[in-house]
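Asks: Let me see the structure of the following:
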Amino acid sequence: MIFSQKLFHTITAVSLSLCLSAVFSSPGILLAADNAVQVKKQPDIQQVKPRKPVKIKLHRTAKGEYSWDLTGDDVDEIVKADKKLRKLLKLDTE
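Replies: Predicted coordinates:
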């Protein structure tokens, strides 16, 4: 009987210390002056949306001349793609 009481007290003390260490070691949980537990919520992490690539439809005429249609969401990327195509196809007259 004495052994079971000691075991009960030991298990209770260990579980209480584990609970308290979990509360005090957690960075998001703070104890207020009136011993009420307050949870400090971290700001949500915003997910980065993947960029949609510029879509290029390349056309070649019977004379061997090239033209293309560019579509995309980012205007800067469309302009870069246009400059790159002009440079690769040597159509840049500037």
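Asks: where's Ser67 relative to Pro50, distance?
Replies: Distance of Ser67 to Pro50, given as C-beta to C-beta, to the nearest Å: 29 Å. Glycine gets a C-beta too; all of them are placed from N, C-alpha and C.
Asks: Of those two, which one has the most company?
Replies: The residue with more neighbours, out of Ser67 and Pro50 and counting by other C-beta atoms under 10 Å, is Ser67; that gives 12 against 6.
Asks: which residues in the protein form helices?
Replies: Secondary structure of the chain (DSSP state H): helices at 2-25, 75-88.
Asks: remind me which residues of the protein are low pLDDT?
Replies: Applying pLDDT under 70 to the predicted model, the residue ranges of the chain that meet it are 1-36, 39, 41-43, 45, 91-94.
Asks: domain ranges for it?
Replies: Per automatic domain parsing, the structural domains of the chain span 2-39, 55-88.
Asks: Only the buried residues of the shortest one, if you could.
Replies: Counting neighbours by 16 or more other C-beta atoms under 10 Å, one finds that the buried residues in domain 55-88 are 78, 81, 85.
Asks: Start and end of that domain, how far apart?
Replies: Taking C-alpha to C-alpha, to the nearest Å, the span from the opening residue of domain 55-88 to its closing residue is 17 Å.
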